[in-house]
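Chemist: When you get a sec, could you give me coordinates for this:
(one chain, ligands or ions: 1)
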Amino acid sequence: MKKKNVREVALDILLQIEKNQAYSNLLLNQTIKREKINEKDIGLLTEIVYGTIQRKNTLDYYLSQFVKIKLKKLDDWVLVLLRLSLYQIIYLDRVPERAVVHEAVELAKKKGHKGISAMVNGTLRSLLRQGVPSFNKIEDPIEKLAISYSHPIWLTKRWIDQFGEDKTKAVCEINCTPPMVTARVNKMKVRNIDEVIEKLEGEGVICERGDLSDDAIKVIKGTLPNTTAYKEGMVTIQDESSMLVARALGAMPKMKVLDSCAAPGGKTTHIAELMNNEGEICALDLHEHKVKLIDEQASRLNLSIIHTKATDSRKANEVFEKESFDCILVDAPCTGLGVIRRKPDIKWQKQEADIERITLIQKDILSAVAPLLKKGGTIVYSTCTIDDLENEEVVKSFLNEHSNFELDETLKERLPKKLEGLYNKGMVKILPSDFNTDGFFISSLKKI
Ligand SMILES: C[S@@+](CC[C@H](N)C(=O)[O-])C[C@H]1O[C@@H](n2cnc3c(N)ncnc32)[C@H](O)[C@@H]1O
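Modeler: Sure thing, here's the model as predicted:
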C-alpha cells in the first residue's frame, strides 16, 4: 500500500480527535511510530496537528465567510481538511500556498467525489484571492476575543470574570503558540548548570538557563532524550512552573514524604533529588500502569528512596498511619486548563461541568491525606489548572473544614523572587502569560 503523506496522516489524526475525543499528544506519538514518519516530517506533522486544533475557532470563523452552507453540515473529514489547509496557508510560512491547495484537492478527490474537491478548491482559492476576513463584524467583545484568539466562549467569559480582560487576552494569545521545551537539572549529579549546558551542546542540543526556576534549562534546538546527559539522569524534561512545586514542599533529607498523586513522577523524582536520595517517599497513583512510569523515572535517575503503590489516595488513611509524614504533596488531578499549549484539545473537550466535577475529587484527596500529616508539617496542594474553583476555592473549602490547618505564608521564601506580586497569602497562581510557562497553582497548608 502506498505510504500516506503528512497531510493525510494529519487529517486522520485530527478526525479521530474530533470524533472520538482522542488525546492529541498520545495519538500523535502512536501514529508517528505506526506510520514510521521520518524525522523531517515529524516537525511538520506536529505543527499541523497542534496548530489546527489550537486555531480551530478562528479557522472556522474564516471558513464560515467562504463556505456557502453551515460548517456543521459539512462531512467531518471535509471540515477538518479545510481547517488544516487553511492553517497552513495562514500560519506556516515554509509551506507554499499553491502546494497546500493542490494537496487538499487531491485528498478531497481521493476521499470524496468531484463535487467536494471542487468545493475545497473554490473555498481555498477564494480565501487566497480575498485575504483573511477581519473580526470587526463580531459585535460582542467576549465573542470577538474568543474567536480571534481561538478559545471557547464560555471559557473566555469565565477567565474574564476571574482575571480581567487584559490577562485573559494575554493567556489566550500565548495558548495559541508552541510551548517551550524545558528540563530540570539534577543537582545531585550536576553542580553547575553551565556544565550540563556545555555537555549538551557537545551532543548537538543547544540550551540556555531557564527564566523562572533555578533548576531549569530551556532547550533551544535539538532532542534531549537522545543525549547521554539525559540517559545518565542529569536532566529530566519538565516545565519550569512545575519545577517550583517540589521546591515549595521544602522536603529535607531523611524526611518521610507522601506524594499522593504522583504519576508519571516528575515531581516525585525532583523531591527525591532535593532530599539527596535520603529518607523515604511514598508515591501513590490510582493506576498500576501509571505507577510503573514513576518506577522507570526513579530507576533512570538512580533514586532509591521512592516506594510506589497503586492506591486511591482517597483511601490513603487505610494504608498509612496517622501523623506519619513530615510533608505531603497533593498534585491533584485537574482539568489541565493551564497546559492548553501542550494539550490543545483540552480547551475544546472540557466543559464547565468538568471543573465542578473534579473539585469533588480534589477536596476528597486533600481531606483523606490531612490526618496522615505530622503536626507542624505542610501539605502542598498544586494543580496545572488556572481556574479559581479548582484552586483557591478548594483550599478555602479545605480550610473551612479543617480548623487545624492554616495558609503557610513562608511559601514565598522557598520560591523565586520573580513571583513577588502573584501571591495570595500561602497561595500563588502563575498564568502561562506571566513567564511563558505552563499555568500552575501552588499552595502551602500548615498543620497547627
Ligand atoms: C497532575 S497528575 C500528577 C502529576 C505528577 N505529580 C507529576 O509531577 O508527574 C495527577 C495524577 O493523579 C492521579 N489520580 C487521579 N485520581 C487519583 C486518586 N484518587 N488517587 C491517586 N491518584 C489519583 C492521576 O492518575 C494522575 O496521574
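Chemist: Quick one: end-to-end length of stretch 228-246, please.
Modeler: 25 Å (C-alpha to C-alpha, to the nearest Å).
Chemist: gap between residue 204 and residue 224?
Modeler: Residue 204 sits 11 Å away from residue 224, taking C-beta to C-beta, to the nearest Å as the criterion. For glycine as for every other residue, the C-beta is placed from the backbone atoms N, C-alpha and C.
Chemist: Near the ligand, which residues of the stretch 151-300 of the chain are found?
Modeler: Contacts of the stretch 151-300 of the chain with the ligand, taken as C-beta under 6 Å from any ligand atom, map to 261-267, 284-287, 290.
Chemist: Tell me which residue is most central in this protein.
Modeler: Taking C-alpha atoms, centre = their mean, the centroid of the chain lies closest to residue 339, which sits 2.9 Å from it.
Chemist: Give me the contact list for stretch 307-327.
Modeler: Outside of stretch 307-327, the residues within contact range by C-beta atoms under 8 Å, 6 or more residues apart in numbering are 249-252, 255-258, 260-262, 280-288, 290-291, 294-295, 298, 330, 361, 364-365, 368-369, 371-375, 377-380.
Chemist: repeat that for 6 Å
Modeler: Contact with stretch 307-327 is made by 249, 251, 255-258, 260, 282-284, 286, 288, 291, 294-295, 364-365, 368-369, 371-374, 377-378, as judged by C-beta atoms under 6 Å, 6 or more residues apart in numbering.
Chemist: burial measure for the residue nearest to residue 109 when sequence neighbours are not counted, as a count.
Modeler: Excluding the flanking residues, the one nearest residue 109 by C-beta to C-beta, 6 or more residues apart in numbering is residue 117, at 4.5 Å. Neighbourhood size, residue 117 [other C-beta atoms under 10 Å]: 19.
Chemist: Likewise for the one 3 residues further on?
Modeler: Other residues lying near residue 120 total 23 when counted by other C-beta under 10 Å.
Chemist: and the residue of the stretch 101-250 of the chain found nearest the ligand, how many neighbours?
Modeler: For the stretch 101-250 of the chain and the ligand, the shortest gap (C-beta to the nearest ligand atom) falls at residue 242, measuring 6.3 Å. Residues near residue 242, counting by other C-beta under 10 Å, number 25.
Chemist: pLDDT value on it, please?
Modeler: Note for residue 242: predicted pLDDT of 97.
Chemist: And for residue 317, the neighbour number?
Modeler: Residue 317 is flanked by 15 other residues according to other C-beta under 10 Å.
Chemist: can you check residue 355 too?
Modeler: A count of nearby residues for residue 355, using other C-beta under 10 Å, gives 19.
Chemist: Give the full set of residues in contact with it.
Modeler: Applying C-beta under 6 Å, 6+ apart, the residues near residue 355 are 335, 387, 389.
Chemist: before we move on, back to that, quick one: which of residue 204 and residue 224 has more around it?
Modeler: Set residue 204 next to residue 224 and count neighbours by other C-beta under 10 Å: residue 224 wins out with 19 against 11.
Chemist: List the contacts of the helix or strand of the chain with the lowest mean pLDDT.
Modeler: Least confident helix or strand, the chain: helix 24-34 with a mean of 88, by mean pLDDT, DSSP states H and E. Here helix 24-34 makes contact (C-beta under 6 Å, 6+ apart) with 13, 17, 42, 49, 53, 343, 345.
Chemist: same question, stretch 54-72
Modeler: Residues from elsewhere that reach stretch 54-72, judged by C-beta under 6 Å, 6+ apart: 79, 82-83, 86-87, 123, 126-127, 133, 147, 150, 176, 344.
Chemist: May I see the buried residues of it?
Modeler: Of the residues in stretch 54-72, 54-63, 66-67 count as buried by neighbour count, 16 or more other C-beta atoms under 10 Å.
Chemist: Looking at those, spot the one nearest the ligand.
Modeler: Nearest to the ligand, judged by C-beta to the nearest ligand atom, of those is residue 54 at 21.7 Å.
Chemist: Please export the C-alpha coordinates of the longest strand that the chain contains as PDB.
Modeler: Criterion DSSP state E: the longest strand present in the chain is strand 373-383. Extracted in PDB, the C-alpha atoms of strand 373-383 (Å, rounded to 0.1, in the frame of the first residue of the first chain):
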ATOM      1  CA  LEU A 373       0.500  14.700  58.300                       C
ATOM      2  CA  LYS A 374       2.500  15.300  61.400                       C
ATOM      3  CA  LYS A 375       1.700  18.400  63.400                       C
ATOM      4  CA  GLY A 376       3.800  21.300  62.200                       C
ATOM      5  CA  GLY A 377       4.100  19.700  58.700                       C
ATOM      6  CA  THR A 378       2.800  21.100  55.500                       C
ATOM      7  CA  ILE A 379       0.600  19.900  52.600                       C
ATOM      8  CA  VAL A 380       1.400  21.400  49.200                       C
ATOM      9  CA  TYR A 381      -1.700  21.400  47.100                       C
ATOM     10  CA  SER A 382      -0.900  22.100  43.400                       C
ATOM     11  CA  THR A 383      -2.600  21.900  40.000                       C
END
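Chemist: other SSEs contacting that strand?
Modeler: Counting contacts by 3 or more C-beta pairs under 6 Å, 6 or more residues apart in numbering; DSSP states H and E, strand 373-383 is packed against helix 243-249, strand 325-331, strand 440-447.
Chemist: Could you pull up the mean pLDDT of the longest one?
Modeler: The average pLDDT within strand 440-447 is 98.
Chemist: picking up where we left off before, is the longest strand of the chain up against the ligand anywhere?
Modeler: No - taking C-beta under 6 Å from any ligand atom as the criterion, strand 373-383 and the ligand are apart, separated by no less than 7.0 Å.
Chemist: Just checking: what are the partner strands of that strand?
Modeler: For strand 373-383, the paired strands and their directions (DSSP bridges) are strand 325-331 (parallel), strand 440-447 (antiparallel).
Chemist: list the buried ones in it?
Modeler: Within strand 373-383, judged by 16+ other C-beta under 10 Å, the buried ones are 373-374, 377-383.
Chemist: what's downstream of it, the next helix or strand?
Modeler: Next helix or strand after strand 373-383 toward the C-terminus (DSSP states H and E): helix 392-401.
Chemist: element containing residue 87?
Modeler: Applying DSSP H and E, one finds residue 87 within helix 76-91.
Chemist: Residue 12 too?
Modeler: helix 6-20.
Chemist: got the angle between that helix and helix 76-91?
Modeler: 120 degrees (axes from the mean of the first three to the mean of the last three C-alpha atoms, to 10 degrees).
Chemist: List the buried residues of helix 6-20.
Modeler: Residues of helix 6-20 classed as buried: 6-18 (neighbour count, 16+ other C-beta under 10 Å).
Chemist: Likewise for stretch 114-129?
Modeler: The neighbour-count check on stretch 114-129 (16+ other C-beta under 10 Å) flags 116-117, 119-121, 123-124, 127 as buried.
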